[in-house]
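Chemist: Pasted the sequence and its predicted model underneath.
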Amino acid sequence: MWQLPKGKEFLSNTTPNRLQKLYNNEKSAKAKIRLLSAIHRKKGKSIDEIAYLLAKNRRTVHSWLV
């Protein structure tokens with residue numbers, strides 16, 4: 001269930017820089033936090049680490065990333 005690609009395998013057609021640019025240009029707070037979770041996942045962080053960093057439930061973070 002929690003097996004979700006991370007690092008280079010996560011969003012393999014997107015770079016961390018591209019995600020960061022999208023984050024920087026996004027106006028919606030909801031979209032920004034989801035992009036931030038994707039940035040962390042792309043950098044190789046676990047779902048639990050991301051949930052802790054963003055103060056969100058791990059199920060919520062997982063649902064954003066699938």
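Modeler: Thanks, I have it.
Chemist: Spatially central residue for this structure, please.
Modeler: residue 38 (1.7 Å; Cα atoms, centre = their mean).
Chemist: excluding its backbone neighbours, what's nearest that residue?
Modeler: residue 19 (5.5 Å; Cβ to Cβ, 6 or more residues apart in numbering). Just so you know, the C-beta spots here come from the backbone N, C-alpha and C atoms, and that holds for glycine as well.
Chemist: show me the contacts for the one you found.
Modeler: 11, 35, 38-39, 42 (Cβ atoms under 8 Å, 6 or more residues apart in numbering).
Chemist: Among the residues you listed, the buried ones, what's the ChimeraX command?
Modeler: In ChimeraX, this line selects whichever of the contacts of residue 19 come out buried by 16 or more other Cβ atoms under 10 Å:
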select :11,35,38,39,42
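Chemist: Go through the contacts of residue 19 and flag which are in helices.
Modeler: In helices, judged by DSSP state H, the following of the contacts of residue 19 are found: 35, 38-39, 42.
Chemist: Kindly reformat those as a markdown table containing distance to residue 64 and pLDDT.
Modeler: Below are these laid out as a markdown table (distance: Cβ to Cβ, whole Å; pLDDT from 0 to 100):
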| residue | distance to residue 64 | pLDDT |
| --- | --- | --- |
| 35 | 9 | 97 |
| 38 | 8 | 97 |
| 39 | 12 | 97 |
| 42 | 13 | 95 |
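Chemist: Return the closest of the contacts of residue 19 with respect to residue 52.
Modeler: residue 39 (15.2 Å; Cβ to Cβ).
Chemist: remind me which residues of this protein are low pLDDT?
Modeler: 1-2 (pLDDT under 70).
Chemist: tell me which element the spatially closest residue to residue 60 that is not a sequence neighbour is part of?
Modeler: The shortest distance from residue 60 to any non-neighbouring residue, by Cβ to Cβ, 6+ apart, is to residue 51 (7.4 Å). According to DSSP states H and E, residue 51 maps onto helix 47-54.
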